[in-house]
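> mind looking at a prediction? Sequence and model below.
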Amino acid sequence: MAAKKINPSRRTLRALDAVNFFMADVHTGFGPFLAVYLAASLHWNPRDIGIVISVSGFAGIIAQTPVGAFVDRLRHKREAIAIGVALLGLGALAIIFFHSFAQVLTGQIVVGTVGTFFPPAMAGMTLGIVGLRGLDLRIGRNETFNHAGNVFSAVAAGLLGYWFAQQSIFYFTAAICAVTIMSIFFVRADEIDYARSRGCEDGEKAAEMDAMAGFLSVLENRALFIFTISVVLFHFANAAMLPLIGEKLAQGHAKQSSLYMAVCITGAQLIMIPVALAAGRLASSWGRKAVFVIGFAALPIRGVLYTLSDNPYYLVGVQLMDGIGAAIFGVVSVLVIADLTRGSGRFNFTQGVVATATGLGASLSNGITGFIVQRAGFNAAFLFLAGVAAFALGIFWFFMPETRRSTS
């Protein structure tokens, strides 16, 4: 069967830009400010706040793989994303009106679970629109708008919380949810190919999907196994670095520590914007492996550089390097998974498997490094994380094959 010509309309492509921008606001709009609101406005104790945030995170990790499999079977991705956004909007409003521990905990479990749906659904919808040939540049563009949205969200929420009551952040998130839903429906439904969105070849019949590769055959892919091990170690090494920097700054500069952390987060996101755009372009010309190696290499370098000075401006400057690794990972990981699952029909399921593994790796990171800090100090923890990152880089460099194939 001849491949179906892929020619998405300008309206659909612009709508994708808008959805990715506003989706960042929806996904992270109130999460970072939840602990502040619960402590400052509702006077919750740290234990209960920690439980609520941790349970939400674990709910997301558990949901990743089944949600990915569900997205592969989902024909109406546009409508499903809109429903998910609406649920997050209701979750934001629920924080304002329901204050008991059980109510907030239930709401955050729903938010954590629903949040896992968006990355595979957006990637799948994008693949269904542009196909594998156009995925390099499009994913880079998606991530660029996503990081720009993160910056906008952080700045807007911070200003609203400062100028008005903390509740205004949650109203803002609900309003952005409404705008996101409107943007989603500017994507033309007839331009989202169901077969392509699952990672199947262009022109494949949807009726043949059930004959595609099963879960086990995808998981037995050697290159996918090597890639997963590498990125799990990457996230293990990366997850604890920002919290450790926050603790280190708080010890010597408690009054300015919040400002330093805001600069760390927002500055890294600003760096991610051009890096993500460049990563998509370079992954098409250089290949996935060469670009990913750059992202990997930035992590052990950061870990070592943290040990050279305690100056807060120096530490903040080094932390900005996080924008390089995170942006490259966000773009190239999707492309590698698309390459490795090409023709399998399990693109979104595989994203869920990798996300679950990396989430578990990241969740272990803070506990282990906290123990190292207590016993041996911050520098020992940073060198340990740098060593893990270097080991991950070695595995990827020596054992991971190039996955980009000619799409001509």
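Done, it's in.

> and stretch 330-341, what's its mean pLDDT?
Stretch 330-341 shows a mean pLDDT of 90 in the predicted model.

> strands of the stretch 51-200 of the chain, residue ranges please.
Ranges of strands within the stretch 51-200 of the chain: none, based on DSSP state E, counting those that start in this stretch.

> pLDDT value on residue 30, please?
pLDDT for residue 30: 59.

> residue 85 and residue 181 touch, don't they?
Yes: here residue 85 reaches residue 181: they are 5.4 Å apart, a contact under CB atoms under 8 Å. C-betas here are computed from N, CA, C, even on glycine.

> so for those two, which sits in the more crowded spot?
Neighbour count, other CB atoms under 10 Å: between residue 85 and residue 181, residue 85 has more, with 26 against 19.

> OK, contacts around that one?
By CB atoms under 8 Å, 6 or more residues apart in numbering, the contact list for residue 85 reads 23, 26, 177, 180-181, 184.

> also residue 127?
By CB under 8 Å, 6+ apart, the contact set of residue 127 is 135, 196-197, 199, 338, 347.

> residue 185 too?
When contacts are counted by CB under 8 Å, 6+ apart, residue 185 is found next to 78, 82.

> SS state for the nearest residue to residue 183 once chain neighbours are set aside?
With CB to CB, 6 or more residues apart in numbering as the criterion, residue 183 has its nearest non-adjacent residue at 4.0 Å, and that residue is residue 18. Per DSSP: H, G, I helix; E, B strand; the rest coil, the local secondary structure of residue 18 is helix.

> look up how far residue 37 lies from residue 18.
Plainly put, residue 18 is 28 Å away from residue 37 if you go by CB to CB, to the nearest Å.

> residue 119 now?
Going from residue 119 to residue 37 by CB to CB gives 25 Å.

> dump the residue contacts of residue 320.
Counted by CB under 8 Å, 6+ apart, residue 320 has contacts 264, 267-268, 271.

> now those residues in CSV, with neighbour count, distance to residue 377 and pLDDT?
Shown next, in CSV, are the contacts of residue 320 (neighbours: other CB atoms under 10 Å; distance: CB to CB, whole Å; pLDDT from 0 to 100):
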residue, neighbour count, distance to residue 377, pLDDT
264, 21, 21, 78
267, 17, 26, 85
268, 24, 25, 85
271, 18, 28, 91
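
> which of these fall within helices?
Counting by DSSP state H, the contacts of residue 320 place 264, 267-268, 271 in helices.

> would you map the helices across the stretch 1-150 of the chain?
For the stretch 1-150 of the chain, applying DSSP state H, counting those that start in this stretch gives helices covering 10-28, 31-40, 46-73, 77-97, 101-115, 118-130, 135-163.

> centre of the chain to the first one, how far?
On the basis of CA atoms, centre = their mean, to the nearest Å, the separation between the geometric centre of helix 10-28 and that of its chain is 15 Å.

> what values do phi and psi take at residue 344?
Phi and psi for residue 344, reported as degrees, to the nearest 10, are phi -90, psi -30.

> count of residues packed around it?
Residue 344 has 20 nearby residues by other CB under 10 Å.

> now swap in residue 349 and tell me
Other residues lying near residue 349 total 28 when counted by other CB under 10 Å.
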